[in-house]
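Participant: got a predicted structure here, sequence first:
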Amino acid sequence: MFDVVRHAGRLDVGIEPNTYFAVECSCGHEALVATFQAGTSVSCEQCGAELRVPSLRELKSLPVVDVSPIGELEAQIAEQEEVFDGRCQLCDVHRGAYWLPVLVVAFRDNDGYCRSFVVPCIVCDLCFGDFRRGVWSGRIQGLWNAGVKLVLLVVAVLLAIVIAFILPVIGILGVLLFGASLILYLSRFDMNPFIRRHLNRICRLDETLSSADGYRTRLGRWHDIEYED
């Protein structure tokens, strides 16, 4: 239907506590097991068969399954489940005709964490016009927000100049540091406001990325959805 690259749904890393792996059953279903279950047995949720969980040494050779909120979201997208099943995300009635890829990049400052994934926005013919107008209005609002940030920066610089006559060294350093921190904070969630509201409505993006210090997005180009009827 639509092609989305799953960037980091599974990670090949060493074994750590509370790491999860997928063990395949003869019926084709994959059971999720943790390191503390190594060497034991679990039941397949689909057919009920008993599955032997590999030892820790054997688990090392298996791909790690990401069970974080971001990993779960990526799995839903890759499997085209729930709001990504091809129905219009606006009306939730008609079959989607177009999809817009939104690249989301989440980051943390303290440990250099950075992770990217693509969220598809799916709309039908009837909702396509409304969605495009919303995207453009969001861009205008984004430019306005950028202008406000610039004004705040200019005010901080002017304030620093004024204070420099009163407290020459401490005044300049303190105000510049405050201004830089303010601009950095305001740019944490630098994205189209309309797209942010839409992503929060369909997949609670702010909640999913709550462990990150911030995130940014980049919109791709519209694509037609091709169905195999």
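Facilitator: Received, thanks.

Participant: top helix in the chain by residue count?
Facilitator: In the chain, with assignment by DSSP state H, the single longest helix is helix 125-164.

Participant: now do the buried residues in the helix or strand where residue 217 lies.
Facilitator: Here residue 217 sits within strand 214-219, counting by DSSP states H and E. Buried positions in strand 214-219, judged by neighbour count with 16 or more other Cβ atoms under 10 Å: 214-215, 217, 219. C-beta here means a position set from N, CA and C on the backbone, and glycine is covered the same way.

Participant: with stretch 61-77 instead?
Facilitator: 62, 64-66, 69-71, 73-77.

Participant: how many residues are close by residue 118?
Facilitator: 17 (other Cβ atoms under 10 Å).

Participant: the one 5 residues further on too?
Facilitator: For residue 123, the neighbour count with other Cβ under 10 Å is 25.

Participant: so how far is residue 51 from it?
Facilitator: Between residue 123 and residue 51 the computed distance is 41 Å (Cβ to Cβ, to the nearest Å).

Participant: same thing with residue 151?
Facilitator: Where residue 51 is concerned, residue 151 sits at a distance of 61 Å (Cβ to Cβ).

Participant: pick out whichever of these two has more residues nearby.
Facilitator: In terms of neighbours (other Cβ under 10 Å), residue 51 is the more surrounded of residue 151 and residue 51; the figures are 19 against 10.

Participant: am I right that the more buried one falls within a strand?
Facilitator: Yes. Residue 51 forms part of a strand when assessed by DSSP: H, G, I helix; E, B strand; the rest coil.
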